[in-house]
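[1] sequence-free structure coming up:
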């Protein structure tokens with residue numbers, strides 16, 4: 001019997017670089033995580049901190065093309 005377990009990937013590698021900052025958007029760049037958790041990373045969910053509540057809220061998604 002063959003068992004396979006996946007875990008969550010490690011955090012994306014740094015440095016996190018803000019390449020373009022505008023009033024209504026920011027373009028960021030980072031490196032892939034060192035450990036994929038045993039499966040392909042197909043996207044990321046970006047979050048920002050809401051300064052009024054101190055909570056992290058979704059700010060966007062990045063879907064990766066996997067061929």
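    Perfect, I can see it now. Because the structure is predicted, anything quoted here is derived from the model rather than measured.

[2] use CA for all of it now, contacts and neighbours both
    Fine.

[3] so where is this structure shaky, pLDDT-wise?
    1-5, 66-67 (pLDDT under 70).

[4] can you give me the strands for it?
    Secondary structure of the chain by DSSP state E: the strands cover 13-21, 26-31, 43-50, 55-63.

[5] need the contact list for residue 10.
    33, 34, 35, 36, 37 (Cα atoms under 8 Å, 6 or more residues apart in numbering).

[6] distance check, it against residue 33.
    Remark: distance between residue 10 and residue 33 (Cα to Cα, to the nearest Å) = 6 Å.

[7] and if you look at residue 25?
    On the measure of Cα to Cα, residue 25 and residue 33 end up 24 Å apart.

[8] the more surrounded of those two?
    residue 33 (14 against 9; other Cα atoms under 10 Å).

[9] please name the nearest non-neighbouring residue to that one.
    residue 12 (4.2 Å; Cα to Cα, 6 or more residues apart in numbering).

[10] one more: residue 65?
    For residue 65, the closest residue by Cα to Cα, 6+ apart turns out to be residue 42, at 7.1 Å.

[11] kind regards, and thank you for your time.
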